[in-house]
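Participant: One predicted model, sequence on top.
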Amino acid sequence: MVKARLIVSIVIRLILSAVFLMAGTVKLTDAVDEQTHEMMLKGFDNYAVLFKIDTLGLTPDQFRVFVGTLEVISVILLWFVPLAGSFLQVVVMIGAAFTHMMASEFNELAFVSVLGTLDSLIFLLHIPAEEAPAAPVEKKTE
């Protein structure tokens with residue numbers, strides 16, 4: 001059972017790592033894919049207006065870099081502290097789901113939901129199991 005949980009965890013974390021590393025990197029630089037990076041720039045310009053990010057003192061670029069950095073950091077955490085990494089990714093996915101709903105980008109919700117579900121599964125797989133209490137020892141009375 002423990003071996004199966006470990007294998008499932010590793011496979012899911014590999015998938016999540018690839019997705020979040022690509023998503024975060026594309027938000028941070030155009031070196032991976034210029035077209036997708038440009039799409040991110042325009043998207044975050046729209047999200048910044050939608051959520052009035054400027055009231056927080058942030059520009060759309062700062063917001064984009066913040067989200068991209070969280071995504072990259074979450075991948076690192078996913079391998080060294082799986083509970084923290086999966087929790088951070090769930091938080092990012094909740095924010096992404098809310099953002100896409102508010103922006104009427106409903107086609108993105110299915111993918112975000114799948115990622116959030118996989119992250120939740122990783123979180124659950126890495127919650128430390130409680131040890132069963134020791135059986136009481138009967139005292140011999142003589």
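Facilitator: Structure received. Numbering: from 1, shown residues only.
Participant: all contacts plus neighbour counts: C-alpha atoms, from now on.
Facilitator: Will do.
Participant: Just give me the residue right at the centre of this protein.
Facilitator: residue 89 (1.5 Å; Cα atoms, centre = their mean).
Participant: Please identify the helix or strand for that one.
Facilitator: Using DSSP states H and E, residue 89 falls within helix 82-102.
Participant: ok, residues contacting that helix?
Facilitator: For helix 82-102, the surrounding residues in contact (Cα atoms under 8 Å, 6 or more residues apart in numbering) are 47, 50, 67, 70-71, 73-79, 106, 108-109, 112-113, 115-116, 119-120, 122-123, 126-127.
Participant: Contacts only, for residue 8.
Facilitator: Residues near residue 8 by Cα under 8 Å, 6+ apart: none.
Participant: if we can go back for a sec, please work out the average pLDDT along the helix holding residue 89.
Facilitator: If you average the pLDDT over helix 82-102, you get 95.
Participant: Quick one, which of the contacts of helix 82-102 are buried?
Facilitator: 47, 67, 70-71, 73-75, 77-79, 109, 112-113, 115-116, 119-120, 122-123, 126 (16 or more other Cα atoms under 10 Å).
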